[in-house]
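S.K.: Can you look at this prediction? I've put the sequence above it.
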Amino acid sequence: MPADLAVIGLGHIGLPLAQAAIAAGIDTIGYDTDPRPVAELAAGRPPVDGSLTASEIRRMLSGGFRPTTNPAELGRVRTAVICAPTPLGPDGTLDLTALVDAARALAARLRPHTTVLLESPVHPGTTEGVLRELLEEGSGLRAGRDFHLAYSPGRLDPGNRAHGFAGTPKVIGGLTPACTESAATFYGRLTDKVVRARGPREAETVKLLETNFRHVNIALVNEMSVLCHDLGVDLWDVIRCAETKPFGFQAFRPGPGVGGHGVPVDTIGPHRPLRMVELATQVNDRMPSYVVQRCATLLNEHGKSARGARVLLLGITYKPDLADRENSPAEEIACRLMDLGAAVSYHDPYVPDWRVRDLPVPRADSLYEAAAHADLTVLLQHHRTYDLQGLSVKAQLLLDTRGATPAGAAHRL
């Protein structure tokens, strides 16, 4: 059965797009080469990252959403949006393997007058380079003449209900002015505002700037956190005061590391390093080891050794109130504590089981009892369900890496 839209890649970019399209009355298929998420979605079960609920998935299915692994479906749509994952490869550049596979599957079935959009994070030039070549070679059609081609960065904040798809402006950059307008027509059905970039390279660089902006500023406050601890200064109070400035300042907060799907890119092709981002990555990557260092110091100050100490980790996801553990620093922190000989356990209301180095980590059932029993409790993620005032009373020793406890109630990062 024909559909208006194909979303290729049912991850953290593709699923919210499909949800917005169904809500706008657009018949949508969701294509993925992995049969597991397709089967789970078809059965009405939500993704494991918790970004959508079971009821939201059921509403999508009743609204016409059809998950599929059949690539033949891609030849029956007017618009196709590629949302394939592009993780960092070993060399620090983006791995385009999934994107290339998606492009080839689409190209073999691409029809004239189709609008093809890319939302995956990519290096500037990918849309009119790699993607365009794959689509033209595989279809025999020409981009900008036989089909429309444009880039639009995925920029949703997973789990953020205040800024959903409709309320987040969509940046688009087409290969030609007609491509841009075709993309604007599509996205105009889903969002309140469409922002036209000069072309695909500019739109691709928007994503690069937004992601690196976050990492550079987090690195700054992470470095300030270490400095302020050494100086005996309360950084959280400094940030509270600084954010009252009505111009020229945006508040970022330190933490045990930087997680999430938006990975910093500090190398754009050969011999094009982004030095500021490179340094920021080094600063942020050191935070898990700094947290473990603070843990060992706190235990030592209270007459205990890290070896044999019972350490309880609270919140192992990368965001509060979400099950997604993508790039969470919790695993590295657990590994480093284990290497010191600590007995690590955890509590997270969104994660029923957790394995580190292929070994199960004991999960605390009773939070207060576990905190009272542990030599050290470390808050890695501040879920709303945590009563931090009560925890600060029950815990023998509490290290708060999120600045969520009242001043004086715990040791803060």
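M.R.: Arrived safely, thanks for sending.

S.K.: The nearest residue to Leu314 once chain neighbours are set aside - how many residues pack around it?
M.R.: With C-beta to C-beta, 6 or more residues apart in numbering as the measure, Leu379 is the residue that lies nearest to Leu314, at 4.8 Å, once sequence neighbours are left out. Using the backbone N, CA and C atoms, a C-beta is placed for each residue, glycine as well. The local packing of Leu379 (other C-beta atoms under 10 Å) involves 27 other residues.

S.K.: I'd say Leu379 and Ile316 touch.
M.R.: No. Using C-beta atoms under 8 Å, Leu379 is not in contact with Ile316; the gap is 11.0 Å.

S.K.: that older thread, the residue nearest to Leu314 pairs with what?
M.R.: Partner residues in beta bridges with Leu379: Leu314, Asp400, with DSSP bridges as the criterion.

S.K.: Relative to Gly403, how far out is it?
M.R.: 9 Å (C-beta to C-beta, to the nearest Å).

S.K.: Find the residues that touch each one of those two.
M.R.: A shared contact of Leu379 and Gly403, defined by C-beta atoms under 8 Å, 6 or more residues apart in numbering, is any residue touching both; here there are none.

S.K.: pretty sure Gly154 is touching Ile13, no?
M.R.: Yes. In this structure, Gly154 is within contact of Ile13 by C-beta under 8 Å, at 4.0 Å.

S.K.: between these two, which one's more packed in?
M.R.: The residue with the greater number of neighbours, taking Gly154 and Ile13 and applying other C-beta under 10 Å, is Ile13; the counts read 25 against 21.

S.K.: Now that that one has come up, it's in contact with Glu119, right?
M.R.: Yes. A contact is recorded between Ile13 and Glu119 when judged using C-beta under 8 Å, the distance being 5.3 Å.

S.K.: where do the contact lists of these two overlap?
M.R.: Here Ile13 and Glu119 have Cys83, Gly154 as joint contacts, going by C-beta under 8 Å, 6+ apart.

S.K.: Relative to Pro320, how far out is the residue positioned nearest the centre of the chain?
M.R.: Averaging the C-alpha coordinates of the chain gives a centre point, and the residue nearest to it by C-alpha atoms, centre = their mean is His261 (2.7 Å). According to C-beta to C-beta, His261 stands 16 Å off from Pro320.

S.K.: likewise Leu15?
M.R.: Using C-beta to C-beta, we find Leu15 at a distance of 20 Å from Pro320.

S.K.: the more surrounded of the two?
M.R.: Of the pair Leu15 and Pro320, Leu15 is the one with more neighbours under other C-beta under 10 Å, namely 29 against 16.

S.K.: contacting residues for Arg363?
M.R.: The neighbourhood of Arg363, defined by C-beta under 8 Å, 6+ apart, consists of Ser345, Tyr346, His347, Asp348, Pro352, Asp353, Trp354.

S.K.: Could I get the buried residue list for stretch 17-31?
M.R.: Neighbour-count burial for stretch 17-31, counted by 16 or more other C-beta atoms under 10 Å, picks out 17-24, 26-31.

S.K.: no, scratch that, I was asking about stretch 357-366
M.R.: For stretch 357-366, burial by neighbour count (16+ other C-beta under 10 Å) applies to Val361, Ala364.
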